[in-house]
Every structure is written in C-alpha cells, then in structure tokens.
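S.K.: Sequence first, then the predicted structure, then my questions.
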Amino acid sequence: MKQKKCTWHKLADSVAEISFSSNGMASVSLAGKTICLALHKDQLLACAQKCPHAGGIMANGHLDAVGNIVCPLHRYKFSLGNGRNVSGEGYFLKTFQVEIRKEGVFVGFEENNLFN
Ligand code: FES
C-alpha cells in the first residue's frame, strides 16, 4: 500500500521509555494531540484516542488474540493495520504510521488530515 505523506513527530527515545498499561496500550500526547498506542507481539501501532462509534477511549480497551483493538464501551473491533471495523458495524478508526528509528520512536500524522 502506498504510504501517504506524513509529518513525523518524535514520541520517545525508545519503546522501553513508553509506559504501557497491563492491556498493552498507552495514551500519549505529542504535537498537541492525544493518541492511543498499542504494543502487540513487539509491533508498535497507533490510532485515534477516541472510538469513531461513540467516543470510547481506545487505550482503555484491549487487544484480541490477533491484535485487533477492542473498544471498551460496546466492544466493536478495529484493525490497527488499516482502521477497518472488523466486527462489521461500518465505522473506521483513524490509524497512524509508527516508525522505530535509531533516533527514537516516531509517529506520522498525514499532512492536511491530522485527525478524522
Ligand atoms: S464507543 Fe466504541 S464501540 Fe461504541
């Protein structure tokens, strides 16, 4: 899939510096925004803080066995790879690119489209 042009923001010097809850997720702020981070099988993924259905705080949810994020309010599931609502209710969760570089952990916000 072709990657969209992003503005990258440094989040931390390393993944170990990020404080994840026991559910494998963290709520973090950068560039004036709060987003949800999820750590699944050593893969770091990022999505919008709020669920597109009714605003559930995604970092308070959980990850299922294959790494989908499950909203804590009504348990709709979303792919963290592409934001697709895999439980079929027809919503779309904004996701963000994450890169772990020598200089640290970076999150990319699409230009002209920071948050949906
Ligand atoms: S608010 Fe997330 S599923 Fe309803």
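M.R.: In hand now; what should we look at? From a predicted model like this one, the values you see are computed outputs, not experimental measurements.
S.K.: where exactly do the strands run in the protein?
M.R.: Remark: strands assigned in the chain by DSSP state E are 6-12, 25-30, 33-40, 43-48, 62-63, 69-70, 77-78, 95-101, 104-110.
S.K.: Name the residues that touch the third one?
M.R.: Spelled out, it's strand 33-40. Here strand 33-40 makes contact (C-beta atoms under 8 Å, 6 or more residues apart in numbering) with 11, 15, 18, 20, 24-29, 44-49, 57-59, 63, 67, 69, 80, 96, 98, 107, 109, 114-115. From N, CA and C alone the C-beta is placed, and that goes for glycine too.
S.K.: go with 7 Å
M.R.: Outside of strand 33-40, the residues within contact range by C-beta atoms under 7 Å, 6 or more residues apart in numbering are 18, 20, 24-28, 44-49, 58-59, 63, 67, 69, 80, 96, 107, 114-115.
S.K.: Buried members of the residues you listed into PyMOL, please.
M.R.: Buried residues within those, by 16 or more other C-beta atoms under 10 Å, are selected in PyMOL with:
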select buried, resi 24+25+26+28+44+45+46+47+48+49+58+59+63+67+69+80+96+107
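S.K.: how about the strands of the chain, which one is nearest Gly88?
M.R.: strand 77-78 (8.9 Å; C-beta to C-beta).
S.K.: And the ligand, is the closest one touching that?
M.R.: No. Counting by C-beta under 6 Å from any ligand atom, the ligand has no neighbours in strand 77-78; the shortest distance is 8.8 Å.
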